[in-house]
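Undergrad: my questions concern the predicted model and sequence given below.
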Amino acid sequence: MKMSPYFWQLGDSYRSEIEDLRYDSDNHDVLKSRLADKRRAFKSLLPLMTDAPEMVAATFHGSVMVKDAPALAALLQSSPGTLPPWNTVSAYVTIEPAVAPLIAMALAAEGGDEFLVTMACLQLLATMGNDEAPEAAAEESSENEEEDEEYAKGEDWLSEQGFDRRSE
């Protein structure tokens with residue numbers, strides 16, 4: 001399955017965010033208590049919904065369960081501005097009552113509708129792991145190879161003009 005660059009990047013960031021929350025400096029699993037702290041501080045996290053949705057989405061980890069994975073998976077090809085509304089996507093997940101007030105807070109905030117759809121997709125990615133990564137990584141790798149080739153051509157041209165090659 002193909003994944004948009006938006007979800008490819010956010011998926012990795014989201015998994016890293018969960019791992020960062022999971023363990024304290026003594027390597028004890030403190031995820032539950034840290035998620036509870038994030039839920040209590042949710043209102044102060046709302047401004048991050050657009051710039052760092054993975055950090056805010058972690059608040060819902062373990063409290064939003066995917067019930068229609070194929071429908072959510074289809075959204076992974078989307079990018080901001082093309083996502084369907086939350087009232088459509090909410091049918092694809094089950095929400096624990098404890099986080100329902102946070103959903104309402106997010107919906108009341110600017111960008112909340114799109115954030116919640118993104119959050120639901122990140123919940124799916126967390127359950128899928130990195131199964132879809134090779135195809136997305138291959139596309140990204142191909143783009144990097146093209147950039148490297150262009151850079152090498154530029155270096156060749158500069159060398160032909162008498163400039164020294166850059167040492168690394």
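TA: Structure received. Computed from a predicted model, the values in this text were never measured in an experiment. Numbering: from 1, shown residues only.

Undergrad: which of the three states applies to the most centrally placed residue in the chain?
TA: In the chain, the residue lying closest to the centroid (C-alpha atoms, centre = their mean) is Leu10, at 2.0 Å. Leu10 falls in the helix class when you classify it by DSSP: H, G, I helix; E, B strand; the rest coil.

Undergrad: what segments of the chain are strands?
TA: 64-66, 93-95 (DSSP state E).

Undergrad: which outside residues touch the last one?
TA: Strand 93-95 is contacted from outside by 63-68, 72, 103, 120, 123, using C-beta atoms under 8 Å, 6 or more residues apart in numbering. From N, CA and C alone the C-beta is placed, and that goes for glycine too.

Undergrad: how does it look with 6 Å?
TA: Contacts of strand 93-95 with the rest of the structure, by C-beta atoms under 6 Å, 6 or more residues apart in numbering, involve 64-67, 120.

Undergrad: same question for the first one.
TA: Outside strand 64-66, the residues within contact range by C-beta under 6 Å, 6+ apart are 72, 93-95, 123-124.

Undergrad: just the buried residues of stretch 57-75, please?
TA: For stretch 57-75, burial by neighbour count (16 or more other C-beta atoms under 10 Å) applies to 57-61, 63-64, 66, 71-73, 75.

Undergrad: so for Ser25, what pLDDT did the model give?
TA: Per-residue pLDDT puts Ser25 at 89.

Undergrad: what do you get for the one 5 residues further on?
TA: For Val30, the model assigns a pLDDT of 95.

Undergrad: what number of residues lie near it?
TA: Residues lying near Val30 (other C-beta atoms under 10 Å) number 15.

Undergrad: wait, it touches Asp20, no?
TA: No: Val30 is not in contact with Asp20 according to C-beta atoms under 6 Å; the separation is 10.9 Å.

Undergrad: on that earlier part again, can I get the strands of the chain in a markdown table including mean pLDDT and distance to Arg40?
TA: Shown next, in a markdown table, are the strands of the chain (pLDDT from 0 to 100; distance: least, C-beta to C-beta, whole Å):
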| stretch | mean pLDDT | distance to Arg40 |
| --- | --- | --- |
| strand 64-66 | 95 | 18 |
| strand 93-95 | 96 | 18 |
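
Undergrad: dump those to TSV, plus distance to Glu110.
TA: Output for the strands of the chain, formatted as TSV (distance: least, C-beta to C-beta, whole Å):
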stretch	distance to Glu110
strand 64-66	21
strand 93-95	21
